[in-house]
Every structure is written in C-alpha cells, then in structure tokens.
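**Q** after the sequence you'll find the predicted model.
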Amino acid sequence: MLPANEKWFTEVHQDAGSAWSLAIETRLAHEVTDYQTIEVYQTRDWGNLMVIDGFVMLSTRDNFLYHEMLTHPALFSHPDPKRVLIIGGGDCGTLSEVLRHQGVERCTQVEIDEQVTRLAEKFFPELCARNDDPRAELLFDDGLAHIKNQPEGSLDLIIVDSTDPIGPAEGLFGPGFVKDCYRALAEGGIFVQQSESPLLHKDLIAGIRDNMGQAGFSDIKTLGFPQPCYPSGWWSASQARKGGTIEAADPARFEASGIETRYYNPEVHRGALSTQL
C-alpha cells in the first residue's frame, strides 16, 4: 500500500499492459509550446525527470545509457567522423557525447522546439556543459527541412535523437526522410535512429530497417541496451552505413581516445552487435 501523502508520476502503456511510475517531490516546470507540453519533475530517487506530452523523455539517473549508446557505437565504428548532424536531441545529452570525440570538427543540432533545450539548460545542466564548444552549432528549426538542404555527401554521421513517432517527430520515421539522409551522407557515412523497444515495437523497428534498406544503405544493425525509464526497460538504436560494414570499436582506439564512459565500451559494443533483435 502506497503512503497516502506520496505523489507519483505514472506513464501507462495501455497496449503493453504495463506502466512505469516514479515517486516525485514536486513539479519544477510546465511549458506549453507550439509543438508539445513539456514538464519537469523533481523525483525522490531518480533526480530530475523530463516529460513531453505525458511520455518520459529522460531522468538524471539513467540518461547516460541512452546517450552513450546512441552516439559512441557509430562514432567508433566510423573510421574518422568529422561532420556530425543531430536531428532532435534538444536535451543536448547526445551533443555532449559527440563532442567528447576530439576528431569531430563540427556538430550541428537541429531541434524543432527551443524550450526543450532551455529547460535542459536549467534542470539538466550537466548535459549542456558542451553547448558553448566552438564546434557546436545549435539550430531551432525543422529537421525534415534542414536535411533536404544539406549538400550531397556533406556529412559523416547523422543521429536522429527524436521523441516517439507521433506529433512533430512522426516525419522522422518516414522513408522520404531516410532517403534524404542517405543523400547527405558521404561514402562510409553512418545513419543512426533511436528505434524504440525491441520487446514492444518490433513492427516499428522492422519498418525503420526497411526504410534504411530501400534508401540504399549497405549494412544495417539494431543495437539493444537497457533503459529503465522507457517502456519495457529495453531500448534500441538502429544504424545503417552507406557503403561498407558496421564494425565494433577497436579497443586500442577506444583506449587512445581517453573517453571515460559509464556503460559503453568495446565489449558492450561487440555484444550489442551480436544480439539478434
């Protein structure tokens, strides 16, 4: 029996017959933008919690899992990533991880809703510590339109760090967008898309992979990883390479980078690539 005076945030997953709850202390922010409703809560045990349209986006306690696995597998698989584009990613955690790679010369983040970033700066400042890096460019614009305007072969890595495929993020899961990304990537470039839960969203993952194949990508992999605050506690990122194959990180290259991670390492990378999802 829960204490009568205890407050909880609960996200119900009706189709999966499950729910996720966190004990909360107070609501820190409530913003209704042109695109969505954003809330930030202070939880009892998980730090701060960002919620968009009622769906958990990130918590202080476990966001490192998602941000590390969305970025480092692709960055260490690519031989020399210099030009990176992030579509979405308004909390700036993905941007921060990308910029830990000293070889990256430019990382542009295109987030449609500026308030996501402004609230992250206030309530998740650790994720925004590299926003002032001279290699970073923060744009608040439509990612679908932005990718259409990129010169052919101008990018080494595209990361789609989006919300669920509803509302402003819906178009980011369509075949036309994936084809635009393929065109914008240089030979050997890698496209990464957050691809939901392998337990709950198999049809969606199959559709993402099909879009990648139809666009012309030569190798496609879906990497699973734990993510306690997301539906089922198991999440994924799907990768596709334009020419060549997707490989696990070279341990010597990882060691030489000096990057310290909390979850990702070459062994985790190799294991994620070996798992059939």
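**A** Good, I have the coordinates.
**Q** in terms of pLDDT, where does residue 170 sit?
**A** At residue 170, the predicted lDDT confidence score is 56.
**Q** just say helix, strand or coil for residue 150.
**A** coil (DSSP: H, G, I helix; E, B strand; the rest coil).
**Q** now it. Its backbone dihedrals?
**A** Dihedral pair for residue 150: phi -80, psi 140, per degrees, to the nearest 10.
**Q** next: residue 57.
**A** phi -100, psi -50.
**Q** same check, this time on residue 257
**A** Per-residue torsions, residue 257: phi -70, psi -30 (degrees, to the nearest 10).
**Q** and the gap between it and residue 110?
**A** Distance from residue 257 to residue 110, counting by Cβ to Cβ, to the nearest Å: 26 Å. Placement of C-beta: from N, CA and C, glycine included.
**Q** ok, now residue 89?
**A** Where residue 110 is concerned, residue 89 sits at a distance of 8 Å (Cβ to Cβ).
**Q** more neighbours, the two?
**A** Set residue 89 next to residue 110 and count neighbours by other Cβ atoms under 10 Å: residue 89 wins out with 30 against 21.
**Q** touching, that one and residue 158? I think so.
**A** No: counting by Cβ atoms under 8 Å, residue 89 sits too far from residue 158 to count as a contact (11.4 Å).
**Q** correct me, but residue 182 touches residue 191?
**A** Yes: with contact defined as Cβ under 8 Å, residue 182 counts as touching residue 191 (7.0 Å).
**Q** what's the neighbour count on residue 126?
**A** 13.
**Q** show me the contacts for it.
**A** By Cβ atoms under 8 Å, 6 or more residues apart in numbering, the contact set of residue 126 is residue 60.
**Q** secondary structure class for it?
**A** helix.
**Q** tell me which residues of the longest strand anywhere in the chain are tucked away?
**A** Scanning the chain for the longest strand, with DSSP state E as the assignment, gives strand 18-32. By neighbour count on 16 or more other Cβ atoms under 10 Å, the buried set for strand 18-32 is 20, 22, 24, 28-29.
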